[in-house]
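Enquirer: Structure, please.
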Amino acid sequence: MENEDLEIFVHAGGKSSVLRAARGETLREVLIRGEIIEKGKDETLVFIGECEEALTEPDDTDDGADQHEPVDIGLTVEVLELQRHRHVHYHHCRRIAVEASFGTKTKKHKFSPATTIEVVTRWARKKLLANDAAASEYVLQIFGTKTQPRSDHHLSQVVTDATCSICFELVPEVNPQG
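Expert: A predicted model of the protein is given here:
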């Protein structure tokens, strides 16, 4: 079992890929072999797992920030517990500043790039639609567009430019009939 290969999901540059990794390999070795990073060039930040910190933030907090930190890619797959976490996020932003609005209300939070759109949506609903019985019928849409990122995508897949920020608006989910 100790040398058994694991499948890990790597999210980098707006794309996702599946790589195989041995427990004794360093994450750096896996990322080089998978052509995610070049040997000797690993200045971009790497996050492990998925971040849900914003969901435990007190309701009265505005402009909070996740504490999810990048990892040392010189550590082994086993030490990083990739057999449990499985997701690796390679991103240039330590935090992604998210602004979410609904009507005249706006809330802000600095999320880890490893946060799913589902978590950001739940956070926005909690902050902006606190007592709205229909809150589950609202989704995030990138401000000024008609783009509604999938709930299973991570911020690292949606924010690929150097701004390290994004604006969303909560909009009613449209379910096509037919």
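Enquirer: what about the protein, any weak spots by pLDDT?
Expert: For the chain, applying pLDDT under 70 flags the ranges 1-3, 40-43, 176-178.
Enquirer: which of the residues in stretch 126-139 are buried?
Expert: By 16 or more other Cβ atoms under 10 Å, the buried positions in stretch 126-139 come out as Lys127, Leu128, Leu129, Ala135, Tyr138, Val139. Where C-beta positions appear, they are placed from N, C-alpha and C, glycine not excepted.
Enquirer: contacting residues around that stretch?
Expert: By Cβ atoms under 8 Å, 6 or more residues apart in numbering, the surrounding residues in contact with stretch 126-139 are 55, 59, 100-102, 105, 107, 121, 125, 148, 151, 170-173.
Enquirer: out of the buried residues of stretch 126-139, which one sits closest to Val10?
Expert: Nearest to Val10 among those is Val139, at 26.2 Å by Cβ to Cβ.
Enquirer: if you look at the contacts of stretch 126-139, which of them are in strands?
Expert: Using DSSP state E, the members of these that fall within strands are Ala100, Ser101, Phe102, Lys105, Lys107, Leu170, Val171, Pro172.
Enquirer: could you dump these to JSON lines with neighbour count and distance to Asp66?
Expert: Compiled in JSON lines, the ones in strands among the contacts of stretch 126-139 are given as follows (neighbours: other Cβ atoms under 10 Å; distance: Cβ to Cβ, whole Å):
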{"residue": "Ala100", "neighbour count": "23", "distance to Asp66": "15"}
{"residue": "Ser101", "neighbour count": "16", "distance to Asp66": "20"}
{"residue": "Phe102", "neighbour count": "19", "distance to Asp66": "21"}
{"residue": "Lys105", "neighbour count": "11", "distance to Asp66": "21"}
{"residue": "Lys107", "neighbour count": "18", "distance to Asp66": "14"}
{"residue": "Leu170", "neighbour count": "23", "distance to Asp66": "20"}
{"residue": "Val171", "neighbour count": "14", "distance to Asp66": "24"}
{"residue": "Pro172", "neighbour count": "10", "distance to Asp66": "28"}
